[in-house]
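Undergrad: Quick one, what's the 3D model for this:
(one chain, ligands or ions: 1)
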Amino acid sequence: MNIKNHLDFIYKFIPASEKETERRKTQSKVIPTLFVLHGTGGNEQDLIPLARQISSEAAILSPRGKVLENGVYPRYFRRLAEGIFDIDDLKFRTNELVDFVKNASKVYGFDMHHVIAVGYSNGANIAASILLLHPEILSAAILFRAMVPLVPRVSPDLNNKYIFMSSGIYDPIVPKQDAERLADLFKKSGAKVSLYWQNSGHELVIEEVKRAKEWLLQCSP
Ligand code: MLT
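TA: Okay, the predicted model is just below:
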């Protein structure tokens, strides 16, 4: 069977620029792939401009969440109420997305050692779940408005993982302690975590996108 048939998500893939890839090769550097994950009610197009602001040259892989809340709003996993997740579905969907990234890397030839998640809200939560359950598929993650998606039975090995978190002081959906608890969970597992606070609610502000770009340039995982 054609491996492309295994990419059973609606998604967008944008390759890294060939010119830049060649240039980096001469410096033995690899251009990363940004694995872009939207918020509830979003789609695969939503965060592409944001990802482009964070890196103008990276490849982009952006799937649409398969779960339809109220039959209409795409999400990456089911929830029972706001902030209360269906953990069995979350685990199942996390594995499904991990397989999607692996298969996409075979189809498009990007390097699995340089995949960086960029997620907002529900997308940040499933990216956090990937870090906690399958850290091997991400080298870094940029998480806007993430909360603790689940607490794994076995502590993951997050050594050499770089995690940028950006949270809103007035976020009515993600309480401050929840974002801090997630940062602690990552740190205890060995990750290098930078948590930034925004003078905002659940919505994104332009400063944090600039901050994410600077952070990525500095950590260059
Ligand atoms: C979630 O369900 O992942 C969080 O509550 C964020 C949201 O999508 O509203």
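
Undergrad: Spit out the contact partners of the residue nearest to residue 82 when sequence neighbours are not counted.
TA: Once flanking residues are discounted, residue 82 sits nearest to residue 173: 6.5 Å by Cβ to Cβ, 6 or more residues apart in numbering. (Each C-beta comes from the backbone N, C-alpha and C, glycine too.) Counting by Cβ atoms under 8 Å, 6 or more residues apart in numbering, residue 173 touches 82, 83, 121, 145, 147, 202.

Undergrad: show me what contacts the closest residue to the fourth one other than its chain neighbours?
TA: In space, and not counting its chain neighbours, residue 145 is closest to residue 121: 4.9 Å by Cβ to Cβ, 6+ apart. By Cβ under 8 Å, 6+ apart, the contact list for residue 121 reads 39, 40, 144, 145, 146, 173, 202.

Undergrad: count of residues packed around residue 54?
TA: Residues within reach of residue 54, counting by other Cβ atoms under 10 Å, total 23.

Undergrad: Next one: it relative to residue 216, how far apart?
TA: Going from residue 54 to residue 216 by Cβ to Cβ, to the nearest Å gives 6 Å.

Undergrad: anything in contact with each of the two?
TA: Overlap between the contact sets of residue 54 and residue 216, as judged by Cβ under 8 Å, 6+ apart, is given by residue 142.

Undergrad: Tell me the confidence at residue 7?
TA: Listed pLDDT for residue 7 reads 89.

Undergrad: right, and it touches residue 107 too?
TA: Yes - with contact defined as Cβ atoms under 8 Å, residue 7 reaches residue 107; the gap is 6.4 Å.

Undergrad: and the two? which has more neighbours close in?
TA: The neighbour comparison of residue 7 against residue 107 (other Cβ under 10 Å) goes to residue 7, with 20 against 14.

Undergrad: quick one, what contacts the more buried one?
TA: 100, 103, 104, 107.

Undergrad: can I assume the third one is in contact with residue 13?
TA: Yes - assessed by Cβ under 8 Å, residue 104 is found in contact with residue 13 at 6.7 Å.

Undergrad: Name the residue in those two with the higher neighbour count.
TA: Comparing residue 104 with residue 13 by other Cβ under 10 Å, the one with more neighbours is residue 104, at 25 against 16.

Undergrad: Pull up the gap between that one and residue 15, please.
TA: Residue 104 is 11 Å from residue 15, by Cβ to Cβ.

Undergrad: got it, and residue 160?
TA: Separation of residue 160 from residue 15 (Cβ to Cβ) stands at 26 Å.

Undergrad: So for these two, which residue has more residues nearby?
TA: More crowded of residue 160 and residue 15, by other Cβ under 10 Å: residue 15, with 15 against 12.
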